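have a look at this prediction, sequence included:
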Amino acid sequence: MTTTSTVASSTSTSARTTTTVPWRPTARWVADWREKLPLQTIMRMLQVLVPQVEKICIEKSLKDEPQILKFLQNGTLVGLLPVPHPILIRKYQSNVGTTVWFRTYIWGVVYLRNSDPPIWFDTNVHLFEVQRS
């Protein structure tokens, strides 16, 4: 990823020089970015699984990665992870703004869908009226 910076030259012609500088993350940027990541579920899973894997490795003296992967594949995370939030269902409550919007939208669709063939030709039906001064 690169960023482009524009530098004004010191000449009287006000010419601009464009240089391409590769973008490099700063420690502050990484810290801000990391705070915004949704890592709670992964961290909870690691808090539970890391001690279990360490215990299995010590007790059974496991050193092969396939054996550890087999242990992880046969395990379950049921009860370890937080329960997801219930889905909130809200009923539609009309108001003046949405009623006007729906009415305008529906009439716009009706008008545009019936413009070819022009059934509105030579009638007094108009989508909107323009005031002339």
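Thanks, I have the structure now.

could you pull out the strands in the protein for me?
Applying DSSP state E to the chain gives strands spanning 2-8, 16-22.

ranking those by mean pLDDT, which is last?
Of all the strands of the chain, strand 2-8 carries the lowest average pLDDT, namely a mean of 51.

low-confidence ranges in this structure?
1-17, 117, 119-120, 125-130, 133 (pLDDT under 70).

again, only using 50
For the chain, applying pLDDT under 50 flags the ranges 5, 8-12.

so where do the helices sit in it?
Ranges of helices in the chain, per DSSP state H, are 27-36, 40-59, 65-74, 96-113.

ok, which of these comes nearest P82?
P82 lies closest to helix 40-59 among the helices of the chain, at 7.0 Å (C-beta to C-beta). Using the backbone N, CA and C atoms, a C-beta is placed for each residue, glycine as well.

what's that closest one packed up against?
helix 65-74 (3 or more C-beta pairs under 8 Å, 6 or more residues apart in numbering; DSSP states H and E).

need the residues that contact the helix it packs on.
The contact list for helix 65-74 (C-beta atoms under 8 Å, 6 or more residues apart in numbering) reads L49, V53, I56, C57, K60, L62.
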